[in-house]
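> sequence below, structure please.
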Amino acid sequence: MQTVKMVVTGPFSAGKTEFIQSVSEIDVVSTERKITSAAERSVKEATTVAMDFGRITVDEDLVLYLFGTPGQKRFDFMWEILSEGMLGFIVMVDSTRPETFREARSILETFRAYAPTPYVVAANKQDMEDAWDMEDMRHALRLDSKVKFLSCVATDKDTVKTVLLELLYSILAEMD
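The predicted structure is shown next:
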């Protein structure tokens, strides 16, 4: 059986935990803790402090292991640890929070430096009224036209599967 380690990363509150929970066939191993900062609590109640872990069986020969990183800078020491052995990664970006785009770009560059593996960028919350247009986001994130940039709703299993499959296709193409 082939196992593929994928890392799901991105800024605080981009939707990484939701993304993994929506497709994992096991209960997601999560290290969420209550947020104490009032500013961060205005966005959400809990945050990942070490990692999220989920698993999805593609077929009898292939299993994906999904590792979600913490989004907060103070836990970024976990990023390099989680990137070890990854065959690809997904950068989640919250389409409704342009103030996080620069940080998302920085996280993308950091993970590219850890390992020259395939990656995709997922524009989460594309179902929201205030979501940025995909082309405007591509420009703001300074993504090359060759980078797979996909619309996503982390709570929608179908869009999550599409993102995972696009990354998997890139990984398999690289292995050939």
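> can we go C-alpha only for contacts and neighbour counts from here?
Noted.
> just for the protein, where's the confidence low?
31-50 (pLDDT under 70).
> one more time with 90
Low-confidence segments of the chain (pLDDT under 90): 1, 12-13, 26-53, 58, 70-82, 174-176.
> strands along this structure, start to end?
Along the chain, counting by DSSP state E, strands occupy 2-9, 29-34, 46-59, 62-68, 88-94, 119-124, 149-151.
> quick one: closest of those strands to residue 167.
Closest of the strands of the chain to residue 167 is strand 119-124, at 6.0 Å (criterion: CA to CA).
> which helices and strands does that closest one pack with?
Applying 3 or more CA pairs under 8 Å, 6 or more residues apart in numbering; DSSP states H and E, we find strand 119-124 packed against strand 88-94, strand 149-151, helix 157-175.
> which one of those has the most crowded surroundings?
Among the helices and strands packed on strand 119-124, strand 88-94 has the highest mean neighbour count (mean count of other CA atoms under 10 Å), at a mean of 26.
> which helices and strands does it pack with?
strand 2-9, helix 101-114, strand 119-124, helix 157-175.
> what lines up beside it in the sheet?
The strands beside strand 88-94 in its sheet (DSSP bridges) come out as strand 2-9 (parallel), strand 119-124 (parallel).
> contact partners of the shortest one?
Right, the one you point to is strand 119-124. Contact with strand 119-124 is made by 14-15, 88-95, 134, 147-154, 163, 166-167, 170, as judged by CA atoms under 8 Å, 6 or more residues apart in numbering.
> make it 7 Å
15, 88-95, 147-154, 163, 167 (CA atoms under 7 Å, 6 or more residues apart in numbering).
> and that strand with helix 101-114, angle?
160 degrees (axes from the mean of the first three to the mean of the last three CA atoms, to 10 degrees).
> is it true that residue 117 touches residue 87?
Yes: Residue 117 sits in contact with residue 87 when judged by CA atoms under 7 Å, with a separation of 5.8 Å.
> compare neighbour counts for these two and give me the winner.
Taking other CA atoms under 10 Å, residue 117 and residue 87 do not tie; residue 87 has more neighbours (23 against 16).
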